[in-house]
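> I need the structure of the sequence given here:
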Amino acid sequence: MYFDESYDMNKEFLILSALFSPRPKRLHSAMLNVKVAEHYLDAAGEPLEIKYSTSDTSRRSRVACKCVDCFAMSPSWFRAIVIETGAGKFDLNYFGRRFESDAMKWARAYKKFAELLLSHNCSGVENGVLLTDRLTRTKGDLFLELLRETFSQPGLAYSTGKTQPIFRHIQEVDTALPKYQVGQIGDILMGSILNALRPTKNRFKRRLRNHVVNVLSLPSLLPSYWQQLAKWQIEAMHPKFGIWYWRP
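Next up is the predicted model:
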């Protein structure tokens, strides 16, 4: 599984996401085939990174759309939690004492939201691997340690009653690297959500967002749709893609 974060330029929305991939090597190969066919390679012949923020040309958008198709045809699925963090919407002090550093508070906040996201979607997971992209809004190693305490201790916390932990390995990685390119799908899907919340003028990014909506048969990416659905309805109606708009 790949865990990632994203936020808009004004930092009014924070998105945490989990990309579940039971066959990551297969999805990796499919994405690699797309990039090779599109000659989307660097001078050394390595596949280039796809990101929503850089899908601002016809070629980049096309490659990203084809990789989304690979995701759609794979057994992978995606879940995201969206937190409105604009002024008056979010109080970081809720996650710690006032004299504590913001890094510590953000680590606890990330841990809380990651716990909500993962615990709701990992009931059947045992001995898995969780890879997080490099996190910019919190101290990554502290956050990872909190995740290990919660999900990587056999018989304790969310692994209670299990002989194996939910995640046997948790590590921060750089999804820009070819070996971790499956995680780039999560960036594309999160970017599409942000694009719906804060529309862009770039037509190639809009094309990518619309492609995500169409290929995954999503009525909308906005809270007006997703907030009316219960968790079981999201899982039943949208097994490949789900958004949880968090309310304090």
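> Extract the residue ranges of this protein that are flagged as low pLDDT.
87, 136-141, 248 (pLDDT under 70).
> can you pull out the strands in the protein?
For the chain, the strands defined by DSSP state E occupy 2-7, 13-20, 77-84, 128-133, 167-173, 241-245.
> angle of the second one against strand 2-7?
Going back to what we said before, that points to strand 13-20. Orientation of strand 13-20 against strand 2-7 (axes from the mean of the first three to the mean of the last three Cα atoms, to 10 degrees) gives an angle of 160 degrees.
> is it possible to export the strands of the chain to CSV including mean neighbour count and distance to Ser224?
Every residue, glycine included, has its C-beta placed from N, CA and C. Output for those, formatted as CSV (neighbours: other Cβ atoms under 10 Å; distance: least, Cβ to Cβ, whole Å):
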stretch, mean neighbour count, distance to Ser224
strand 2-7, 22, 20
strand 13-20, 22, 15
strand 77-84, 21, 13
strand 128-133, 20, 29
strand 167-173, 16, 34
strand 241-245, 22, 9
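> At the geometric centre of the chain, which residue do we find?
The residue lying closest to the centre of the chain (Cα atoms, centre = their mean) is Ser17, at 2.7 Å.
> ok, that residue - contacts?
For Ser17, the contacting residues are 3-6, 78-81, 117, 186, 189-190, by Cβ atoms under 8 Å, 6 or more residues apart in numbering.
> Tell me the spacing between it and Asn93.
25 Å (Cβ to Cβ, to the nearest Å).
> cool, Val129 as well?
On the measure of Cβ to Cβ, Val129 and Asn93 end up 34 Å apart.
> Pro239 touches Trp77, doesn't it?
Yes - with contact defined as Cβ atoms under 8 Å, Pro239 counts as touching Trp77 (6.1 Å).
> Touching both of the two, which residues are there?
With Cβ under 8 Å, 6+ apart as the test, Pro239 and Trp77 reach no residue in common.
> how close does the closest residue in space to Leu189 that isn't next to it in sequence get to Arg59?
Using Cβ to Cβ, 6 or more residues apart in numbering and skipping the chain neighbours, the partner closest in space to Leu189 is Phe78 (5.2 Å). Distance from Phe78 to Arg59, counting by Cβ to Cβ: 24 Å.
> Please apply the same query to Leu14.
Computed as Cβ to Cβ, the Leu14 to Arg59 distance reads 30 Å.
> Asn10: neighbour count?
Neighbour count of Asn10, defined by other Cβ atoms under 10 Å: 10.
> Now for it: which residues touch it?
Asn10 touches 86, 198, counting by Cβ under 8 Å, 6+ apart.
> Which helix in this structure has the most residues?
With DSSP state H setting the assignment, residue counts place helix 102-119 as the longest helix in the chain.
> in that one, what counts as buried?
Using 16 or more other Cβ atoms under 10 Å as the test for burial, helix 102-119 gives 105-111, 113-115, 117-118.
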